[in-house]
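Asks: Predicted model, plus sequence, below.
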Amino acid sequence: MNQSEVDPFNHCYVLFIKLGLTYDGMMHGEAGVPKTGILILILGVIFMKGNCATEEEVLEVLNVTRICSGRKYFFFGELKQLIKDFVREGYLEFQKVINADHWQSEFLWGPRAYAETTKMKILEFLAKVNGTDPSSFPSQYEEALQDEKEKAQARISANCLCRYRFLY
């Protein structure tokens, strides 16, 4: 994550966030501003809520950042459409589940999010934003460490399999 001061008097900064994600919000030749920051916030909410967050929980966090559903934004249009784009692109998964007496919409990380970033990178970002370190969130930190370990083992296994194939 890089930052650039855009208003020295009020000390306002713009964050340039990637965390390994390739999504830049530029689909089908359209011009616009990258939307990766919103995606990272949503992935963070999902992770912090136990790897599954309701639509209401996601919108509540985005409302705190003054990104509200139902309003059209110059940079990315309407929030719900942007979230649908994230689902279509494979960064988020969407499911409807019955909860008590009503249907509820939930989001999970999609396969592309798992492929392009890690829970640890998201947790490190969230910790930095909160002025703390990842271990301040013990259960998520343990899960992120386990995720890192599993990804490392998968890479080692894939490398061994590739080498084995080349021997024959």
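Replies: Arrived safely.
Asks: Please name the nearest non-neighbouring residue to K72.
Replies: Of all residues not flanking K72 in the chain, E78 sits nearest, at 5.2 Å (C-beta to C-beta, 6 or more residues apart in numbering). For glycine as for every other residue, the C-beta is placed from the backbone atoms N, C-alpha and C.
Asks: which outside residues touch stretch 135-151?
Replies: F47, M48, T118, K119, M120, I122, L123, L126, A127, N130, P134 (C-beta atoms under 8 Å, 6 or more residues apart in numbering).
Asks: and the residue lying closest to the fifth one once chain neighbours are set aside, helix, strand or coil?
Replies: Leaving aside its chain neighbours, M120 sits nearest to A144 (4.1 Å; criterion: C-beta to C-beta, 6+ apart). Classification of A144 using DSSP: H, G, I helix; E, B strand; the rest coil returns helix.
Asks: low pLDDT regions in the chain?
Replies: Residue ranges of the chain with pLDDT under 70: 1-34, 68-71, 73-76, 160-168.
Asks: Show me where it has its helices.
Replies: 36-48, 55-64, 79-88, 111-116, 119-129, 138-167 (DSSP state H).
Asks: Give me the angle between the first one and helix 119-129.
Replies: Spelled out, that is helix 36-48. 110 degrees (axes from the mean of the first three to the mean of the last three C-alpha atoms, to 10 degrees).
Asks: ok, now the longest one?
Replies: Put simply, helix 138-167 runs at 140 degrees to helix 119-129, going by the same axes, to 10 degrees.
Asks: What's the local residue count around Q95?
Replies: 10 (other C-beta atoms under 10 Å).
Asks: what's the answer for H102, then?
Replies: 6.
Asks: That one pairs with what?
Replies: Per DSSP bridges, the residues bridged to H102 are N99.
Asks: Okay, it and K96: tell me how far apart.
Replies: From H102 across to K96, the span is 10 Å (C-beta to C-beta, to the nearest Å).
Asks: And for T132?
Replies: From T132 to K96 the distance is 35 Å (C-beta to C-beta).
Asks: before we move on, what about F107?
Replies: Relative to K96, and taking C-beta to C-beta, F107 is found at 11 Å.
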